[in-house]
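Trainee: Everything below, folded, please.
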Amino acid sequence: MHQDEETIAVDIALIPPAEIRSEVGRINRTLIRRSRDRGVLLGPGGGIAHITLAMAPIRAADLTAVCDDLAEIWGRHRPLSLTLTGVSSVMTAPGHPVSGFDIAPAPPLRALHDEVVHGLTPFALSETAPGMLAVRKGEVPDRGFLDYIREFRAAHAGDRYSPHITLGVGDAGDQDTRLPLPYQFTTETVAVCHLGNGGTCLTVLGEVGGARPLAPLP
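Mentor: Predicted coordinates:
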């Protein structure tokens, strides 16, 4: 699928069960109607709802090794119980709020995050390029987000890790979800995804666990 000299931006992510992916897609469509901003499109034609564990630019030739390492790590942690604690929004730029489901950073999740970040480090490149991102037709790669990917371990991991599921551009709160909060669920699947603009996981490059392939699902 990739040539050895290619580089790609990857997100190692937990994939929530179908009922949460469906709810994320519904809220995403609501936010798009409110904000008229399709920069973060989730569900059919867009990205897959996910919980980021680690991000990095890597060589495409290392993808198999990254997936093999992930399978070994996930075998020690699966299945994982998680809790949605609420809906909140953050300002990623002036006048540019992005909303998401907050997830309790419970010790088992933190332990998995730390191990995945450590396992990905030997494959992580120090430089990024626009061609690393998966973009939808008509999109321009977001160079600012490339900086976020490159700096993930230093700026967003460890004690700074903030687990969440992105819902889309715009303000949302607890009243916008039909799920009873706090909402506990179990995830069986972790995936290596090709990152797109806004932190979207546009393509599943490899997955571990789960009974069905993720690619066709929101």
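Trainee: rest of the way, CA atoms for contacts and neighbours
Mentor: Noted.
Trainee: any idea how far stretch 195-215 is from the chain center?
Mentor: The chain centre lies 8 Å from the centre of stretch 195-215; the measure is C-alpha atoms, centre = their mean, to the nearest Å.
Trainee: Not counting its own residues, what contacts it?
Mentor: With C-alpha atoms under 8 Å, 6 or more residues apart in numbering as the test, stretch 195-215 has contacts from 9-11, 39-42, 46-50, 67, 70-71, 74, 133-135, 141-142, 145, 188-194.
Trainee: Buried ones among those residues?
Mentor: 9-11, 40-42, 46-50, 67, 70-71, 74, 133-135, 141, 145, 188-194 (16 or more other C-alpha atoms under 10 Å).
Trainee: if you look at these, which of them are in helices?
Mentor: Members of these lying in helices (criterion: DSSP state H): Cys67, Leu70, Ala71, Trp74, Phe145.
Trainee: contacting residues for the third one?
Mentor: The neighbourhood of Ala71, defined by C-alpha under 8 Å, 6+ apart, consists of Val208.
Trainee: can you tell me how far it sits from Gly86?
Mentor: Using C-alpha to C-alpha, to the nearest Å, one gets 30 Å for the distance from Ala71 to Gly86.
Trainee: So which of the buried ones among the contacts of stretch 195-215 are in strands?
Mentor: Ala9, Val10, Asp11, Thr189, Val190, Ala191, Val192, Cys193, His194 (DSSP state E).
Trainee: hmm, which two among the residues you listed are most spread apart?
Mentor: Ala9 and Thr189 (19.9 Å; C-alpha to C-alpha).
Trainee: Quick one: list the elements packing against the helix or strand of the chain with the lowest mean pLDDT.
Mentor: Across the helices and strands of the chain, mean confidence by mean pLDDT, DSSP states H and E is lowest for helix 143-150: a mean of 90. If you count contacts as 3 or more C-alpha pairs under 8 Å, 6 or more residues apart in numbering; DSSP states H and E, helix 143-150 packs onto strand 51-59.
Trainee: Show me what the strand it packs on is packed up against.
Mentor: strand 7-15, helix 107-120, helix 143-150, helix 152-156, strand 164-169.
Trainee: chain center to that strand, what's the gap?
Mentor: Worked out by C-alpha atoms, centre = their mean, strand 51-59 lies 9 Å from the chain centre.
Trainee: Residues contacting that strand, please?
Mentor: By C-alpha under 8 Å, 6+ apart, strand 51-59 touches 4-16, 112-113, 116-117, 120, 123-128, 132, 149-150, 152-153, 157, 163-165.
Trainee: and what of stretch 9-27?
Mentor: Taking C-alpha under 8 Å, 6+ apart as the rule, stretch 9-27 contacts 42-43, 48-58, 116, 132-133, 149, 167-168, 176-179, 185-195, 201, 218.
Trainee: Only C-alpha atoms, please: export it in PDB.
Mentor: What follows is stretch 9-27, C-alpha atoms only, in PDB (Å, rounded to 0.1, in the frame of the first residue of the first chain):
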ATOM      1  CA  ALA A   9       1.300  10.700  10.200                       C
ATOM      2  CA  VAL A  10      -0.400   8.000  12.400                       C
ATOM      3  CA  ASP A  11      -2.700   8.000  15.400                       C
ATOM      4  CA  ILE A  12      -2.700   5.000  17.600                       C
ATOM      5  CA  ALA A  13      -6.300   5.100  18.900                       C
ATOM      6  CA  LEU A  14      -8.900   3.200  20.900                       C
ATOM      7  CA  ILE A  15     -12.100   2.700  18.900                       C
ATOM      8  CA  PRO A  16     -15.300   3.000  21.000                       C
ATOM      9  CA  PRO A  17     -18.200   0.600  20.400                       C
ATOM     10  CA  ALA A  18     -20.800   1.200  17.700                       C
ATOM     11  CA  GLU A  19     -23.400   3.000  19.900                       C
ATOM     12  CA  ILE A  20     -20.800   5.700  20.800                       C
ATOM     13  CA  ARG A  21     -19.600   6.000  17.200                       C
ATOM     14  CA  SER A  22     -23.200   6.500  16.200                       C
ATOM     15  CA  GLU A  23     -23.800   9.200  18.800                       C
ATOM     16  CA  VAL A  24     -20.600  11.000  17.800                       C
ATOM     17  CA  GLY A  25     -21.700  11.100  14.200                       C
ATOM     18  CA  ARG A  26     -25.100  12.500  15.200                       C
ATOM     19  CA  ILE A  27     -23.600  15.200  17.400                       C
END
